Each structure stands twice: as C-alpha cells, then as structure tokens.
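[1] from the sequence below, what's the structure:
(one chain, ligands or ions: 2)
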Amino acid sequence: MRATILERQGQALRSVTLPEPEAQDGQLLLRISACGVCRTDLHLRDREIEATKLPVVLGHQIVGRGEDGRRVGVPWLGWTDGDCRYCASGRENLCVNARFTGRDIDGGFAELTVADERFCLPVPDELSDHEAAPLLCGGLIGYRALTLAGDGERLGLYGFGSAAHMICQVAAFQGRKVFAFTRADDERTQAFALSLGAVWAGGSEQQPPEPLDAAIIFAPAGELVPQALRVLAPGGVVVCAGIHMSDIPSFPYEYLYGERLIRSVANLTRRDGEEFLALAPKVPVRTTITLYELERAEDALADLRSGRFEGTAVIVP
Ligand SMILES: [Zn+2]
Ligand SMILES: [Zn+2]
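    Numbering: from 1, shown residues only. Ligands and ions are numbered 1, 2, ... in the order given. Okay, the predicted model is just below:
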C-alpha cells in the first residue's frame with residue numbers, strides 16, 4: 001500500500017510502499033478515504049513531543065471502511081488496558097498503558113490501516129468522509145475542552161484553527177457568546193471566526209468587550225495562559241487543550257486569585273467521541289477543509305505550521 005511515513009523526527013515525511021497491514025482478532029482492516037491533520041502530527045514531525053515508534057504512519061482522524069463496507073472513524077485513543085485505576089474510574093483518557101493512533105499504532109496517512117474495533121467511532125451520515133475527518137480529533141477533544149470549561153456564557157477561544165472552528169459553532173449553538181482570539185493582525189482568521197458565530201474577534205493581547213467566564217487555549221503558546229487569565233471573571237477557568245505548549249511565563253498572583261482555575265485536557269474517552277459525534281449533526285457542525293493528496297502530507301504539515309489555511313487539512317489517499 002502507499003503510505004507517507006515519519007522516519008526520523010525533525011525530518012520531512014517520506015512517501016513509501018508498505019506491506020498491507022493484517023487485522024488481528026478484534027481489529028478492523030480499513031480502507032482509508034480521508035485522514036484529518038492535527039497539530040499533534042506536526043508536534044511529532046517537529047520533535048516537540050516524543051515519538052514512541054519510528055518509522056510511524058502519522059494521522060489519527062481517520063475515516064475508513066471495513067471489509068463489510070461499514071464506515072467508521074478512528075480517533076487518537078487507539079487502545080487502553082481497561083483495568084488501571086483510570087480506566088476503572090471512567091477516565092480512560094488517562095490510562096497508564098494507553099496506545100495512541102498515529103504515534104504508538106500506525107495511523108491514517110496511508111491507503112489502509114488496522115484499528116481495534118472497540119475504539120472505532122460511528123461517523124454521522126450527514127457528513128462526507130472528507131468533512132467528517134476533522135471531527136475525530138479537533139472536534140471531539142475540542143468538545144472535551146468545552147465540557148471542562150463549564151457552563152459559562154462568555155467563552156474565549158485562543159488559536160482559531162481546526163478545533164476552534166468547530167467548537168465555535170457548538171458553543172454558539174449552546175447559546176454562548178464566543179470571543180475569538182488570533183494573532184494580532186490576522187484579519188482573515190478573525191473574519192472566519194465571525195462567520196462561524198463568534199460575537200467578537202481580535203488579537204490575543206486585546207481586551208474583549210466584557211470579562212470571560214472561560215477560555216480554551218488551542219494554540220501551543222504558553223504566553224496565552226496569563227493573557228487569558230487576565231481577561232477572566234472571578235471563578236473562571238482557562239483550559240489548555242493541546243498536547244504541547246511552550247513554557248508558561250510567570251504572572252502576578254492577582255491574575256489567578258478570585259478562584260480562577262487553569263487546567264489541561266488530555267486525550268479523549270470513547271464517551272466524549274460518542275457524545276460529540278451525536279451532537280455534531282444537530283448543530284450542525286460544518287467543517288472547512290483543505291484537501292491534500294497523500295504524497296503531499298509534508299506540505300499539509302508545513303501549511304499548518306505557517307497558518308496557510310483556515311479550518312482543517314485533510315489527507316486523501
Ligand atoms: Zn489530534
Ligand atoms: Zn487503563
């Protein structure tokens with residue numbers, strides 16, 4: 001099969017031909033029709049998070065069909081042990097032995113993959129394969145972040161990329177006011193946010209017109225944490241939704257005082273996935289996608305790094 005692999009971190013992905021994978025007991029062999037590109041793929045490529053297996057096929061927002069024709073989605077959470085203290089308490093996202101798609105298990109920048117059937121998710125009928133792919137990480141981990149942000153009405157989104165462009169729509173559907181923060185002069189992305197239901201858009205150093213009840217930080221920039229705290233009402237929460245972030249600079253205690261919270265989101269549970277994929281068609285979440293052929297996966301990562309497209313890049317084998 002054709003695949004694009006990461007051989008060494010810090011180097012470009014390479015297109016190769018690999019033997020076809022074989023499904024073991026409990027696994028589905030899937031023919032991939034689309035695979036969304038996530039910032040985590042870029043972090044692995046750029047050695048900002050550690051690769052556990054090399055070479056590896058990146059990609060963990062897979063839409064594919066099994067041998068019976070059934071369409072499924074394969075997310076980042078690829079396998080858990082089912083019996084550690086986290087799995088036993090409904091927190092399989094923190095499983096100590098978890099294995100992740102596109103890092104520990106070969107992922108979706110390929111024509112075929114195998115996936116544990118228990119971790120595959122139903123894909124909403126309303127969306128095409130290409131449109132559905134971004135839901136499988138940006139959407140559902142963004143949804144977990146939104147849930148952990150609480151019920152506050154005034155929500156800030158810092159970093160308006162793949163996840164935020166979907167979560168903005170969900171939050172507006174829930175009746176919240178969304179304030180979108182982008183790079184200072186990124187008027188194109190600010191206009192994009194307003195088109196998806198944000199009530200205000202501006203640079204991340206700007207003061208929004210009213211204090212926020214919660215903020216979700218999708219950009220991997222630690223300096224956004226004190227910036228977000230600074231515009232939060234007492235009792236508000238800052239949720240860091242990425243797997244990697246640069247160091248958080250020190251800040252005056254008064255930014256945190258007033259029972260403000262900072263927390264992170266790690267991975268997903270299958271329940272997050274099922275809830276979000278049931279909710280998405282009701283909103284309905286519309287994804288903005290840019291398609292790349294499999295052999296251009298490296299270009300897709302480069303374009304993500306430089307912010308060249310709005311929404312999500314999707315690899316089409
Ligand atoms: Zn991801
Ligand atoms: Zn576990």
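
[2] contact partners for the one residue in the stretch 101-250 of the chain that gets nearest to ligand 1?
    Taking C-beta to the ion, ligand 1 has its nearest neighbour within the stretch 101-250 of the chain at residue 137, 3.2 Å off. Glycine gets a C-beta too; all of them are placed from N, C-alpha and C. Listed by C-beta atoms under 8 Å, 6 or more residues apart in numbering, the contact partners of residue 137 are 36, 38, 40, 60, 61, 75, 76, 162, 163, 268.

[3] wait, what's in contact with the residue lying closest to residue 134 once chain neighbours are set aside?
    Closest residue to residue 134 apart from its sequence neighbours, by C-beta to C-beta, 6 or more residues apart in numbering: residue 312 at 3.7 Å. Taking C-beta under 8 Å, 6+ apart, we find residue 312 in contact with 36, 37, 133, 134, 138, 161, 162, 165, 287, 288, 289, 290.

[4] can you tell me how far residue 312 is from ligand 1?
    To ligand 1, residue 312 is 10 Å away according to C-beta to the ion, to the nearest Å.

[5] now do the contacts for residue 55.
    For residue 55, the residues meeting the contact criterion (C-beta under 8 Å, 6+ apart) are 5, 6, 7.

[6] okay, it: pLDDT?
    As predicted, residue 55 sits at a pLDDT of 98.

[7] go on, residue 190?
    Residue 190 is assigned 98 on the pLDDT scale.

[8] which ones are touching residue 100?
    60, 76, 77, 78, 267.

[9] gap between the residue of the chain positioned farthest from its centre and residue 101?
    In the chain, residue 254 marks the outermost C-alpha relative to the chain mean, sitting 31.3 Å out by C-alpha atoms, centre = their mean. Distance, residue 254 to residue 101, by C-beta to C-beta, to the nearest Å: 42 Å.

[10] again, but for residue 210
    According to C-beta to C-beta, residue 210 and residue 101 sit 40 Å apart.

[11] of the two, give the one with the bigger neighbour count.
    Shown here are residue 210 and residue 101; by other C-beta atoms under 10 Å, residue 101 has more neighbours (28 against 14).

[12] am I right that residue 281 is in contact with residue 126?
    Yes: between residue 281 and residue 126 a contact is recorded at 4.4 Å, counting by C-beta atoms under 8 Å.

[13] residues contacting the residue nearest the centre of the chain?
    Central residue of the chain (C-alpha atoms, centre = their mean): residue 138, 2.6 Å from the mean position. By C-beta under 8 Å, 6+ apart, the contact list for residue 138 reads 36, 38, 61, 161, 162, 163, 165, 166, 312.

[14] phi, psi of it?
    Residue 138 has phi and psi values of phi -50, psi -40 when expressed as degrees, to the nearest 10.

[15] how about residue 241: what's its closest non-neighbour residue?
    Using C-beta to C-beta, 6+ apart and skipping residues adjacent in sequence, the residue nearest residue 241 is residue 145, 4.0 Å away.

[16] can you pull the residues of the stretch 151-300 of the chain lying near ligand 2?
    By C-beta under 5 Å from the ion, no part of the stretch 151-300 of the chain sits against ligand 2.

[17] do a quick rundown of the strands in the stretch 151-300 of the chain.
    Taking DSSP state E, counting those that start in this stretch as the test, the strands found in the stretch 151-300 of the chain are 154-158, 177-182, 200-203, 212-217, 232-240, 261-264, 289-293.

[18] need these in TSV (columns: distance to residue 247, mean pLDDT and mean neighbour count).
    What follows is those, written out as TSV (distance: least, C-beta to C-beta, whole Å; pLDDT from 0 to 100; neighbours: other C-beta atoms under 10 Å):
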stretch	distance to residue 247	mean pLDDT	mean neighbour count
strand 154-158	16	98	27
strand 177-182	20	98	26
strand 200-203	21	98	18
strand 212-217	14	98	26
strand 232-240	12	98	20
strand 261-264	14	98	15
strand 289-293	31	98	17
